[in-house]
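A.B. asks: Turn this into a model:
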Amino acid sequence: MGVRHEEARLRVWIVSCVLGVAILTVFGTFVFGGAGWITAPFRGAAEEREDTVGSGAFRQSSYQEFFDLCEAAQNAEGSIEALQEERDAASVARRGQIDQSITALKATRTESINEYNSKAAQEHRAPFRDKDLPYRLNAGADKTTCAN
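C.D. replies: Numbers count the residues shown, from 1 in each chain. Below is the predicted model of the structure:
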């Protein structure tokens, strides 16, 4: 019986040493900053989100940006309409200039609408779109409506 008892004590001692080393390793990792290194990617993502989306400046600028983009589309529409009215009484040379301007304004309007729709679809910006603004603007429509 003495040999078995000694073998059992040796096994308990080995298991205790292994567990002790494991516990000390985990404890040392947390004490000396290893846990910070392990959790850095998660904390970094959370801090980055808090610095941007949680920032008052970001929220305000995102909120205003939707109004600005919608207004830019409406301004282009107004300029196109004014140029089309002017075109009827314009000279041939001026008509060429007006047609070029209308083409450029249509492109600008489309860019503003596409940017608005893109930002409205972004998960981190969409919550800051005013409830009275449409979810999406229609580039195929003749007039852009910026309020529901």
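A.B. asks: Worst mean pLDDT across the helices and strands of the chain, which element?
C.D. replies: When each helix and strand of the chain is scored by mean pLDDT, DSSP states H and E, helix 34-52 comes last, with a mean of 60.
A.B. asks: just how off-centre is the helix or strand just after that one within its chain?
C.D. replies: Per DSSP states H and E, the first helix or strand lying C-terminal to helix 34-52 is helix 56-87. Centre-to-centre, helix 56-87 and its host chain are 21 Å apart (C-alpha atoms, centre = their mean, to the nearest Å).
A.B. asks: So which residue is smack in the middle of the protein?
C.D. replies: residue 124 (4.1 Å; C-alpha atoms, centre = their mean).
A.B. asks: Helix, strand, or coil at it?
C.D. replies: Here residue 124 is recorded as coil under DSSP: H, G, I helix; E, B strand; the rest coil.
A.B. asks: What number of residues are in the vicinity of residue 25?
C.D. replies: 10 (other C-beta atoms under 10 Å). The C-beta positions use only the backbone N, C-alpha and C, and glycine is treated the same way.
A.B. asks: same deal with residue 3?
C.D. replies: By other C-beta under 10 Å, neighbour count at residue 3 equals 7.
A.B. asks: okay, it: pLDDT?
C.D. replies: Each residue has a pLDDT score; the one for residue 3 is 74.
A.B. asks: packing partners for the helix or strand that contains it?
C.D. replies: Using DSSP H and E, residue 3 falls within helix 2-31. In terms of contacts (3 or more C-beta pairs under 8 Å, 6 or more residues apart in numbering; DSSP states H and E), helix 2-31 is packed against helix 34-52.
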